[in-house]
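Enquirer: Got a sequence here, can you build the structure:
(chains A and B)
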Amino acid sequence: MEEKHNSDSDIEALVGLTPVKVLSQNMKKVAQGIESAANDGEKEQVLQLVDSAKSLLDAISQLNR
Amino acid sequence: MSEAEEKHQGQNYAEVRFETKAGDTIMEPLKIFKAIDESYQVATPILKGYVLIKKPDELTRTMTTTPAVIRLVYDRIGTLQVYHGLTDVAGELITLRNSDQPDQVARVELPVISGHHYYVMTDDGLGKQVEDPMHFQPAEPNQKTNLVCLTPEEKNKVDEMETALTIDPDGKLPDLDDLRQPSEDAKPVSSTTAESTKKSVSSIFDKANFGDANEEAPVRTESESSATSQHSHLVASKPTSPASLLAAALSQICDSMAEADDSKTVAALSDSSKKILDTIRTLTLLDGVKEE
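Expert: Numbering: from 1, shown residues only, chains lettered A, B, ... in the order given. Presented below is the predicted three-dimensional model:
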């Protein structure tokens, strides 16, 4: 019974998953990467990740229109 | 040629225009008629609600053979905001009025409070002490002037903060741990001045540590629980770079963006994220330059 309930909520979560949500979650991972790289003083990596995040943001903006 | 015509031919006029900085006419121009080579005086009238900000160097002039145009530029009279102590958020707005001089406003009688002094607030923090509060006259009558009334102890506290928050000439950011206490003490000042004048010492703190991240503040509060705890953790643990703090804020925004249901919110959050990314990039590049 509980298993069925879990699978129902999983399905609901999947149905509610939009491209913007997926990209936002990816963005979060990149942001965490920036945080970690900045803490480690990895400037090059920070700049690369900033570029990646910007690309993701552009994609989010386009999908959001 | 008749005598009247001869007389007319020997005359000319000068037009005095009363304009704003943008060149808009405030009142109808005046014409001064005089015989050529005769001297005349340009009057600078007092216009209600305005203050004269630009006039010719010479107001005594000689009538020329071609009509002269003289521009007198006026601007709206400014305002005076007085804050009492470090906890006064709103301040008191004092209306400035015309004086008997076209380029000055009337002196303001500030209430004399025992053990308190008034200070002019400038872009760099606290400015000069007002020497004569009973007859205060703003230096820039067409601008907004901000004064703060402080006790010597409050003044010292602000001075200490200013010293502590001054960024080293080599570009080093102030130590967060050193700043925590004084910035908390003076939080009321920060809200007072940062909101209305952007001249507070605390805003220097904000800028020094978070770039121009003030715009992102509301977004941070949306997801405040985890963001706050993460932030305090970062501050408590040692040297966290401003870039990583911004990145932490960014990941919170991403959460909000993933949860947002309407496109307007997504657009606003996306815009904020872009600004944060730009700031991170700038801070990182500056850091790189500094090391070289």
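
Enquirer: Spell out which residues of chain A are next to chain B.
Expert: A:20-21, A:24-25, A:27-28, A:31-32, A:34-36, A:38-39, A:41, A:43, A:46-47, A:50, A:53-54, A:57, A:60-61, A:64-65 (C-beta under 8 Å from any C-beta of the partner chain). Backbone N, C-alpha and C define where each C-beta goes, glycine included.

Enquirer: And those residues, which of them are buried?
Expert: A:20-21, A:24, A:27-28, A:31-32, A:34-35, A:38-39, A:43, A:46-47, A:50, A:53-54, A:57, A:60-61, A:64 (16 or more other C-beta atoms under 10 Å in any protein chain shown).

Enquirer: Secondary structure element for residue B:254, which one?
Expert: helix B:242-259 (DSSP states H and E).

Enquirer: What is that helix packed up against?
Expert: Judged by 3 or more C-beta pairs under 8 Å, 6 or more residues apart in numbering or on different chains; DSSP states H and E, the packing partners of helix B:242-259 are helix A:19-40, helix A:43-64, helix B:201-210, helix B:217-222, helix B:224-236, helix B:263-291.

Enquirer: can you list the weak-confidence ranges in the chain?
Expert: Answering for chain A, as no chain was given. Low-confidence segments of chain A (pLDDT under 70): A:1-16.

Enquirer: wrong chain, I was asking about chain B
Expert: B:1-9, B:164-239, B:288-292.

Enquirer: domains of it?
Expert: Domain segmentation of chain B under automatic domain parsing yields B:3-75, B:79-205, B:211-291.

Enquirer: Need those in TSV (columns: mean neighbour count).
Expert: TSV is the format used below for the domains of chain B (neighbours: other C-beta atoms under 10 Å in any protein chain shown):
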stretch	mean neighbour count
domain B:3-75	13
domain B:79-205	16
domain B:211-291	17
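
Enquirer: ok, residue B:133 touching residue B:118?
Expert: Yes. In this structure, residue B:133 is within contact of residue B:118 by C-beta atoms under 8 Å, at 5.4 Å.

Enquirer: residues shared between the contacts of these two?
Expert: residue B:110 (C-beta atoms under 8 Å, 6 or more residues apart in numbering or on different chains).

Enquirer: Give me the contact list for the host helix or strand of residue B:148.
Expert: Using DSSP H and E, residue B:148 sits within strand B:144-150. Counting contacts by C-beta under 8 Å, 6+ apart, the residues outside strand B:144-150 that touch it are B:78-86, B:91, B:110, B:113, B:116-121, B:126, B:130, B:136, B:138-139, B:158, B:189, B:192-193, B:196-197, B:199.

Enquirer: Sort out which of those residues are in strands and list them.
Expert: Of the contacts of strand B:144-150, the ones assigned to strands by DSSP state E are B:79-84, B:117-121, B:126.

Enquirer: Taking these together, which two end up most distant?
Expert: Using C-beta to C-beta, the two most remote members of the ones in strands among the contacts of strand B:144-150 are B:79 and B:117, lying 21.3 Å apart.
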